[in-house]
Structures are given as C-alpha cells and as structure tokens.
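Visitor: this one's sequence-less:
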C-alpha cells in the first residue's frame with residue numbers, strides 16, 4: 001500500500017531503525033546544514049523510547065546537557081513526524097509535488113506559555129518561525145503547511161530559535177520525508 005513501505009504489519013508506525021524514522025531524517029538534515037556552512041550537531045537519541053509519555057522530559061535533559069557542552073547553540077530543531085487520520089481511521093499523507101517528485105509537507109510548530117510553563121521567549125521563536133515559513137513559501141510555495149501555534153512549551157524555552165519541525169506524517173514514505181528535509185535545509189541555511 002502506498003505510503004506504508006517500511007512500517008510493521010500491525011501498523012504501529014514506529015521503528016527503531018534510523019533509516020526509517022526521524023533520527024535518520026535529522027541525520028540527513030545535520031549533514032545538509034553542515035555542508036551549507038551551518039555548524040550543526042545532532043542528538044540521535046530516541047527520546048520516546050521506552051516510554052512515549054516521557055519524551056519531553058527526556059529531551060529536556062538531553063538539551064540541557066547539549067547546551068552545557070555547546071553554550072553557543074542558538075537554534076534547536078526538534079524533528080517529529082505527524083500522525084494524521086481521518087474520521088474513518090485512514091492515514092492521511094500530507095504531500096506536495098516539486099519538480100515532478102513527491103515531497104512530504106512540512107509543518108513548523110511553535111510552543112507558548114499558555115499552559116503555565118515559563119517561556120518568556122516564545123514570541124522570539126514565533127518571529128523566527130515566521131521568517132522561516134516565509135523563506136519556505138517563497139522557495140517552495142506548497143512545501144509547508146501553516147505554522148501551528150500551540151499552548152504547550154515543548155522545551156522551546158531554552159533558546160530563542162527553537163521549533164518543532166513535523167516532517168510529513170506516519171503516512172509518508174522515507175523518500176518523501178528525505179526529499180522534503182533537503183529542501184528545508186536549503187531554506188533554513190539561506191535564512192540563517
């Protein structure tokens with residue numbers, strides 16, 4: 001079935017193999033940014049393993065350690081893959097076509113302080129995300145879905161350049177996600 005080329009038969013949509021998950025997409029992004037002169041490091045930890053509900057606690061601990069080791073980090077990209085289903089439970093695949101090839105659509109998620117977690121710089125993150133969205137829309141008008149402004153903080157209070165980047169959904173193929181992240185790297189590097 002199109003879009004399910006590497007997921008388990010039970011439709012778990014999760015893989016520990018980095019060539020099939022967001023860790024691999026992050027590795028591709030880090031390589032592409034470094035090649036474009038944007039010094040980039042990547043944490044390859046799957047923070048939602050073994051407990052999905054501890055993902056943000058685990059990633060906050062990792063981020064604190066990274067910022068201690070690399071205090072000049074200004075920008076953080078937390079890579080996710082969205083889960084989108086219609087009312088009948090069918091997997092939705094956000095996709096666009098660029099130069100005749102299928103690309104997973106991207107979505108920038110920005111957290112705020114509405115849930116009560118201190119996040120004084122959320123407007124700075126939103127401003128950065130808006131410039132990034134403009135860069136994406138100018139270069140590839142259908143690549144990015146609208147920015148998703150959320151009530152949660154999502155560990156974005158650590159820097160003034162933090163975003164979540166949803167790279168497609170669990171319905172997209174690895175190839176579609178890889179295609180999209182390379183276009184994102186081009187736009188991100190151009191913006192910086």
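Guide: Done, it's in. This structure is a prediction, so every number in the text was calculated from the model and none was measured. Numbering: from 1, shown residues only.
Visitor: Might you report the residue contacts of the residue lying closest to residue 145 once chain neighbours are set aside?
Guide: In space, and not counting its chain neighbours, residue 145 is closest to residue 107: 4.2 Å by C-beta to C-beta, 6 or more residues apart in numbering. In this view, the C-beta of every residue, glycine as well, is placed from N, C-alpha and C. Neighbouring residues of residue 107 by C-beta atoms under 8 Å, 6 or more residues apart in numbering: 82, 94, 144-148, 165-166.
Visitor: what separates residue 107 from residue 86, distance-wise?
Guide: The gap separating residue 107 from residue 86 is 17 Å, by C-beta to C-beta, to the nearest Å.
Visitor: Could you do residue 49 as well?
Guide: 28 Å.
Visitor: Who has more neighbours out of the two?
Guide: residue 49 (12 against 8; other C-beta atoms under 10 Å).
Visitor: Check which helix or strand residue 182 maps to.
Guide: In the assignment (DSSP states H and E), residue 182 maps to helix 174-191.
Visitor: Return the set of buried residues in that helix.
Guide: Under the neighbour-count criterion of 16 or more other C-beta atoms under 10 Å, helix 174-191 has 174, 176-181, 183-189 buried.
Visitor: and the contacts of residue 107, which are buried?
Guide: By 16+ other C-beta under 10 Å, the contacts of residue 107 give 82, 94, 144, 147, 165-166 as buried.
Visitor: Lowest-confidence one in the residues you listed?
Guide: Scanning those for pLDDT, the smallest score is found at residue 82, 81.
Visitor: all strands in this protein, in order from the N-terminus.
Guide: Along the chain, counting by DSSP state E, strands occupy 75-82, 95-98, 101-104, 106-111, 148-150, 161-169.
Visitor: quick one: the fourth one to helix 174-191, angle?
Guide: This means strand 106-111. Between the axis of strand 106-111 and that of helix 174-191 there is an angle of 60 degrees, by axes from the mean of the first three to the mean of the last three C-alpha atoms, to 10 degrees.
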